[in-house]
Structures are given as C-alpha cells and as structure tokens.
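Visitor: just a sequence and a predicted model for now, questions to come.
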Amino acid sequence: MSTCKVSVCIPTYNYGNYIAETVESVLNQSFSDFELLIVDDCSNDQTKAIVESYARRDPRIRFITNEVNLGMVENWNLCLLLAKGEYIKFVFGDDLLTSPDAIGRMVSLLDDSSSISLVCSARNLIDESSQTLKIESHFKSGIMAGTDVINNCLACQQNLIGEPSVVMFRKSHAGRGFQTNYQQIVDLEMWFYLLEQGSFAYINEPLCSFRIHDQQQTAKNNESHSHLNDFVYLVSDYLHKDYIKQPYFIKKYIQYDALYGFWKLYKKSIITREVALELISINCSFSFLAWYPLYKSFKPLYKQYRKIFGC
C-alpha cells in the first residue's frame, strides 16, 4: 500500500452544491504530499459527476461511493479506516480550506513535536454563498496541555476547538475511531480522546472555513435534540477523570445542567413532564427535582465563574 504524509478526508452526502469549491481548496494547497480521499455516502445529487471529473485529472484523488448509506459517524470512521496517510485532515464536503498554507502549517507543527496530538486553527464561519460571517477563535497561538483544553471545554460547556474541518491529528492516535453512540458532538469527544494522548497546538489564524446552512448535519441534529443526549454522554465519560480540575460542586452543576436540557424541552411544551423525567432518570443517580431550586439559584453565579475561562 502506498503511503503519503497526509490523508485529506472528505466524507460527504448531498453536498453537490459545495463539493467543487471544497476540492479546489485542497488541490490549491502549497503542500502536495497528500491523498484526497472522498467517501460519498450515497448522495442523490450531482456529487459523483463533479468528483469524478476531478479524479480523472489528479491521481491523488481516491473516490469511493458507499453501497449503502452508513450515516455520518460511520462514514467518518470509514475515512479513517481507508486513509493511507500518517496524518489525518478532514475537510467536510460543504467546508473549505481558506489558506493555501493550511495543510503545510499544520503538518509542520506535528512534525516538530511528537508530543502534539491535535493541531487546530481559527476558522471563518461562512454562509451558503461563501461570504464570511465572522471569525471564530477561542485560543491564542501556541501549545498547551491537552487536558487543560478538555478542562476549558467542560467548564465552558461548549466545543471551543471546532469542527473536524479545522483540525489535524495523527492516524496512529485515532485507531479507536469516532464513538458511534454520539451524534452531535461526536467530534468533540474524539478531540478529548486525542488530547488525553498529548498536547494541543493552536494557530490563531483562520486557515479553514466552516459553512453554516440549513442542510448541514448540525441543524438536523438540533431539530432531533440528539445534542442533549451527547452532552450527557460527554459529562459521564470525562467529568470523573483525575485530570479534571473543577471543584466538586462545579462538577455537580455541569452534570445537572446537562440533564436540565431535557427539562427545558418540557418547559417549552415540546415533550411531556413524564417523558422529561424518564429521560433524566436514565442518566441521573440523584433526585433531579430536589436539586432544582439550588440549581436555579446557582446558575447566575456560574455565569460569572465561566468568565474566568473566557466563555
């Protein structure tokens, strides 16, 4: 099997309106020692014709169409399985690399230090027409302990790192694959897993662009409320770790707040009270309603606490 330095992986599904711009942004990179692995999850639009036209012109492109629709997470894992590169760089079919030096700069950081397990950059948020809406960045350029980043994300209760299109990592660290019980923050859980293995390198420049539109998976997951289950999973999987520096009461607050997402669905009349309590009880070892008054009293104070972490 031939190898290369980087496997640029594009898992895609019905992004024919954007895929050409995505592919162009990869082929225009100044760093050239890469394969472009595009795995289409049974799109029913023009994706196949567009990608095949590029594949005929550039031998670095490998185009694979799944026989059946695997779903988002399984398609990501298939990309990892098929990738031949030492490093993995995802670029989703609706995103793009903003700078021609994006891959090269990330590779340099991984090459310079074997202790780095995840490289990330700031990102542009763009609309359907590729117009920049804002620049998103939560760190200063430099290297920090991976577990410190995990602590910050949990304290802020959000993904401060970003989506798969903004990171690069070593394939050897990611053999476990993405966890299939997650649907929304499956990427963040993987970043935590990688950051337990090493340090975090950040480039405070937007080397990549993340597209916001109605058909992206995030919008679909928000409609199904699957993100609520995911944060409960994340808290359960990581909040107890020895390297988590949050005080005991803060940990309890974060755990409770994750469960409160189900209660909010009831408060908004989206689900019944009984269903909300049932969903909570599945993941709760204490009396949710008994803690409710204390939670509501503490929440404004925690907002001030979060400012310490720049949330």
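Guide: Sure, I can see it.

Visitor: which residues in the chain form helices?
Guide: Per DSSP state H, the chain carries helices over the ranges 19-27, 47-55, 72-82, 102-112, 146-156, 186-195, 217-224, 226-238, 248-267, 273-282, 288-307.

Visitor: tell me who's in contact with G93.
Guide: If a contact means Cβ atoms under 8 Å, 6 or more residues apart in numbering, then G93 has I10, P11, T12, Y13, Y15, Y18, I19, T22, I38, T47 as its contacts. Bear in mind the C-beta positions are built from the backbone N, C-alpha and C, glycine included.

Visitor: not counting its neighbours along the chain, what's nearest it?
Guide: T12 (3.1 Å; Cβ to Cβ, 6 or more residues apart in numbering).

Visitor: pretty sure that neighbour is touching D45, no?
Guide: No. T12 sits out of contact with D45 when judged by Cβ atoms under 8 Å, with a separation of 10.0 Å.

Visitor: low pLDDT regions in the chain?
Guide: 1-2, 215-226, 309 (pLDDT under 70).

Visitor: now do the domain split for it, please.
Guide: 4-219, 220-307 (automatic domain parsing).

Visitor: tell me the most buried of these?
Guide: domain 4-219 (a mean of 19; mean count of other Cβ atoms under 10 Å).

Visitor: how far away is I212 from D127?
Guide: Here I212 is placed at a distance of 6 Å from D127 (Cβ to Cβ, to the nearest Å).

Visitor: give me the common contacts of those two.
Guide: L133.

Visitor: show me what contacts V6?
Guide: Contacts here follow Cβ under 8 Å, 6+ apart; on that basis V6 touches F31, D33, F34, E35, G85, E86, Y87, I88, K89, I103, V107, M168.

Visitor: reformat those as a markdown table; add distance to I282.
Guide: A markdown table is the format used below for the contacts of V6 (distance: Cβ to Cβ, whole Å):
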| residue | distance to I282 |
| --- | --- |
| F31 | 47 |
| D33 | 48 |
| F34 | 44 |
| E35 | 43 |
| G85 | 40 |
| E86 | 41 |
| Y87 | 39 |
| I88 | 34 |
| K89 | 37 |
| I103 | 43 |
| V107 | 43 |
| M168 | 36 |
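
Visitor: among these, which are in strands?
Guide: If you go by DSSP state E, these have F34, E35, G85, E86, Y87, I88, K89, M168 in strands.

Visitor: now for those residues, which pair is the farthest apart?
Guide: Of all pairs drawn from the ones in strands among the contacts of V6, the greatest distance, 14.2 Å, lies between E35 and M168 (Cβ to Cβ).

Visitor: do you know how far the nearest residue to G175 once chain neighbours are set aside is from P293?
Guide: Counting by Cβ to Cβ, 6+ apart, L80 is the residue found nearest to G175 once chain neighbours are left out, at 7.9 Å. According to Cβ to Cβ, L80 stands 46 Å off from P293.

Visitor: likewise S165?
Guide: 42 Å.

Visitor: same question for R123.
Guide: Applying Cβ to Cβ, the value for R123 to P293 is 40 Å.

Visitor: do C9 as well
Guide: 48 Å.

Visitor: one more: A174?
Guide: 43 Å.

Visitor: D45 too?
Guide: D45 is 52 Å from P293, by Cβ to Cβ.

Visitor: cool, F192 as well?
Guide: F192 is 32 Å from P293, by Cβ to Cβ.

Visitor: try D127
Guide: For D127, the distance to P293 - Cβ to Cβ - is 43 Å.
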